[in-house]
Structures are given as C-alpha cells and as structure tokens.
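Peer 1: Provide a 3D model corresponding to the input given below.
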Amino acid sequence: MPTSTKRKGRRPSPPAVSAVGLRKAYGDKTVLDGIDLHIPEGSVFALLGPNGAGKTTTVQILSTLISADGGQAQVAGHDLATAPQAVRGAIGVTGQFSAVDGLITGEENMRLMADLHHLSRSRGKQVTAELLERFDLADAAGKPVQSYSGGMKRRLDIAMTLVGGPRIIFLDEPTTGLDPRSRHTMWGIIRELVTGGVTVFLTTQYLEEADELADRIAVLNDGRIAAEGTAEELKRLVPGGHVRLRFTDPHAYRNALAALRDARRDDEALAVQIPSGGSQRELRSLLDSLDAAGIEADELTVHTPDLDDVFFALTGDDVATPAKEATR
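Peer 2: As a prediction, this is how the structure comes out:
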C-alpha cells in the first residue's frame, strides 16, 4: 500500500480554512444547517456524505462560487464576505467533472489558464512545461484533449488548477468515474501536493480514499456535521470490534469458554468471540491469557470497524457491509 499522507505528532498549524455556523438553503430545502470547520495548513481534509448531503455546496461557498445564507468563514486568512477576490487568488478548484476544453491541446489549455492568471508569456511557457512534465502529460501536450483518457483529463484539470500557485485546493470528488489505476495515480498527485505545503479540501464518496489520504475526516449528513476526527477516531465511534477464535478440538473450545470472560459462544462452529478494539496491547493480553491456560486456537481473526461501518452508522444507511477481517 502506498505511503499515506497522514502524519502523526504534527504541531498544530494555523487554519487554512475556518468556518462557524455556515448555512445555506434553497427555498424550503436546508442544505447546510450551521456547520463548523477548522482545517490546518498543509493537511488533507476529507468531507464525506451521501448524495445531497451538502458536500458540493460547502465547496462552492468556500470557493466563493455562491454565498452562504448565514455564518462566517475565512479561507487562507481572508474573510469570504469582505475579501472574496483575495480568497480566489489563494485557491484552486477542481469540480466533479473535467473543465478542460477538449477541442484544443493540453498545452493550449495550460497556456490559456496562464493568460487568465496574467502570467507573462515566458513565465506562462515555463509553468506550462513544468506542470505538464510533473503530471506526466508532456508527451500528449500537443494532442487534442478529446483524445485523452479520463485519468489524463483529470490530471490536466489539476495541472491547470496549479498554474496560479494556489495555497489551498478544493477537489470535489476528483476521482469519480476513474478506473482503479487512475484513482491511485490521483492519490499520488494529492500526496505530492501536500508534501509541497498545499492544503487539500477533498470531497469524496470513496471511503477508502478518505481513509488513505485524509488527516481529518468529517461526515456530513442532512446538512450537519455528524462526526469529525481522524480515521481512527471515527472508527472508535462504532461498536462491534471483536476477536474470533475458532477451535477444531471440542476440549480446547470448552477450556477457552471457561477461561475467557465476556466471550460469546458459537457451539456449532466451535468458536468464541471476545469484544476488542483490536489494539496490539489487547491482542497481546488475550494471547497471554490463552498461553497461561494452555489453550491454542486453530484460527484467530480480528474485526475492527472501518469507515464503511462509520459512514452507514452516522448517515442512517441500512446497507450492511461485510466484516473486514484479518486472519492470523
């Protein structure tokens, strides 16, 4: 598995994005019902939620595309209400669908973006060449974008977003519709951006994506933040973690039932299930107890709640997901 962007023990950074009580409604439909955000610089923040939860609306407000009905927010140290132009100068935005022009070449798309940022001809040419090379698009730079694959178009889209050197990038479901290989390529790009000091605000419906990339995750449901924290903190919100021991010897099975407290029995499978958070300390304690009692299990599996479990629990979705287990 690729190295995650998530880092431990980092000192608190000044907020790249902060918001208090953001509200937005369309007629009698409340889309955002007073959400608060605090996103440190140089981090990846992932906003999860089902369709219609308000993820895109949040991005549109914070990127000055639409106005909030209530609340306050600052982006890159600038107030959204009083300094929207300063906010726009500090951010880049990539939406769910590629915004590139398919009728012109990749290089022409990049040069057009450089002109929009008022870069000089020489500077625009330099930045274009550097970004096309960085995103592995140099060989296709002279080809019409309509001939590009979906992954190439998304890479070009982000490259165009970087022309102005933004400090904060909003990626609204950037890997939607991409194949697994292209999705992993995008993950690598996001990691590189953060390593370079860019703050990434990511919305996604791919729970694995948030788990892999994000320093902090918020789950948005019915216009409100249902929970926020690191992936591990969110997983601890959901009960159900356990260790399952299976035996082939009925005598060993009975001894295990006698030795282990709070064990749930499965006589048909000769298995016991013990509540556990799955930590190394808990597993070591369990194994030590088994060793002390002279009990050896034939199979040990660990189940810990994952972000799928968290998502369904917090959003009220009744879809069940199969247990994620590691067999030892």
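
Peer 1: show me where the stretch 151-300 of the chain has its helices.
Peer 2: Taking DSSP state H, counting those that start in this stretch, the helices of the stretch 151-300 of the chain run over residues 180-195, 207-213, 231-235, 250-259, 280-292.

Peer 1: give the buried residues for the shortest one.
Peer 2: Meaning helix 231-235. 231, 234-235 (16 or more other CB atoms under 10 Å). Heads up, the C-betas are built off the backbone N, CA and C, glycines and all.

Peer 1: the first one too?
Peer 2: Buried positions in helix 180-195, judged by neighbour count with 16+ other CB under 10 Å: 182-187, 189-191, 193-194.

Peer 1: what lies in contact with it?
Peer 2: 2-5, 42-44, 135, 149-151, 154-155, 158, 162, 169, 171, 174-175, 178, 200, 202, 206, 209, 212-213 (CB atoms under 8 Å, 6 or more residues apart in numbering).

Peer 1: go ahead and measure how far it is from the middle of the chain.
Peer 2: Mean-position distance between helix 180-195 and its chain equals 12 Å (CA atoms, centre = their mean, to the nearest Å).

Peer 1: what do you get for the second one?
Peer 2: Mean C-alpha position of helix 207-213 versus that of the full chain (CA atoms, centre = their mean) differs by 4 Å.

Peer 1: try the last one
Peer 2: Taking the mean C-alpha point of helix 280-292 and that of its whole chain, the gap between them comes to 34 Å (CA atoms, centre = their mean).

Peer 1: got the angle for that helix vs helix 250-259?
Peer 2: Between helix 280-292 and helix 250-259, the angle comes out at 120 degrees (axes from the mean of the first three to the mean of the last three CA atoms, to 10 degrees).

Peer 1: what's in contact with helix 280-292?
Peer 2: 243, 245, 256, 259-260, 274, 276, 296-297, 302.

Peer 1: now it: average pLDDT?
Peer 2: The average pLDDT for helix 280-292 rounds to 87.
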